[in-house]
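In: here you go, sequence then predicted model.
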Amino acid sequence: MVVAATMVMARPVRLLLLASVVGAAGCTATTAPPSAKPAACQHGAQHGQPMTRTYLFFGQKTADGRPIAAVRWRRFRRTEIVRAFPEGFTVIDARGFWRTKKGHTLWEGAKVVIRLHRGRPVDNTGIETLRRRYKARFQQQSVLRIDERVCASF
């Protein structure tokens, strides 16, 4: 899977990330008996159970343009993300690029957190709480969220 991230900057408010994710092929539905696994995960290279893959893009600069210190990110990861996603998650370092109103291309570091989950209301509540807390703590305009249905096996 290849993840390409692009950030759009809006002063004085921080961060809006737009991302294109390449790699997860769509699943086609087929007719199956009610007791069988959902059709989306039965054919071809699709294995496992249907799940939701959520990407969260956390910008790494505050509203005043200062980088978020690595120790502050680690503390947020340890106290907030681990608590919200005790089953596990993946963090990827990324760089977002955007063009200013004056035509200059700038970049900002980002952390992409990936989580696989069942898509239950409790999962959504945890994700939204995490986004809200990050925006408040680090003066972020947004934390981009992308959800996609996938087939997963562990």
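Out: Nice, I can see it.

In: just the pLDDT for residue 115.
Out: pLDDT recorded at residue 115 is 98.

In: right, and it touches residue 82 too?
Out: No - at 11.6 Å, residue 115 does not count as touching residue 82 under the criterion of CB atoms under 8 Å. The way it works is simple: take the backbone N, C-alpha and C, and place the C-beta from them, glycine included.

In: who's more crowded, those two?
Out: Applying other CB atoms under 10 Å to residue 115 and residue 82 shows that residue 115 carries more neighbours, namely 22 against 12.

In: list the contacts for the more buried one?
Out: Contacts for residue 115 were tallied using CB atoms under 8 Å, 6 or more residues apart in numbering; they are 53, 54, 56, 85, 88, 89, 90, 127.

In: quick check: it is in a strand.
Out: Yes - assignment of residue 115 by DSSP: H, G, I helix; E, B strand; the rest coil places it within a strand.

In: tell me the spacing between it and residue 135.
Out: Separation of residue 115 from residue 135 (CB to CB, to the nearest Å): 18 Å.

In: with residue 104 instead?
Out: 25 Å.

In: neighbour count winner among these two?
Out: In terms of neighbours (other CB under 10 Å), residue 135 is the more surrounded of residue 104 and residue 135; the figures are 17 against 8.

In: give me the number of residues near residue 142?
Out: Other residues near residue 142 come to 17 when the count uses other CB under 10 Å.

In: ugh, typo on my part, it should be residue 93
Out: When neighbours are defined as other CB under 10 Å, residue 93 has 9 of them.

In: can you tell me the closest non-neighbouring residue to it?
Out: Nearest residue to residue 93 in three dimensions, chain neighbours excluded: residue 111, at 6.5 Å (CB to CB, 6 or more residues apart in numbering).

In: where does that neighbour sit: helix, strand or coil?
Out: strand.

In: that one reaches residue 58, doesn't it?
Out: Yes - between residue 111 and residue 58 a contact is recorded at 4.5 Å, counting by CB under 8 Å.

In: give me the pLDDT for the nearest residue to residue 61 once chain neighbours are set aside.
Out: Spatial nearest neighbour of residue 61, excluding adjacent residues (CB to CB, 6+ apart): residue 108 at 5.1 Å. Reported pLDDT at residue 108 in the predicted model: 88.
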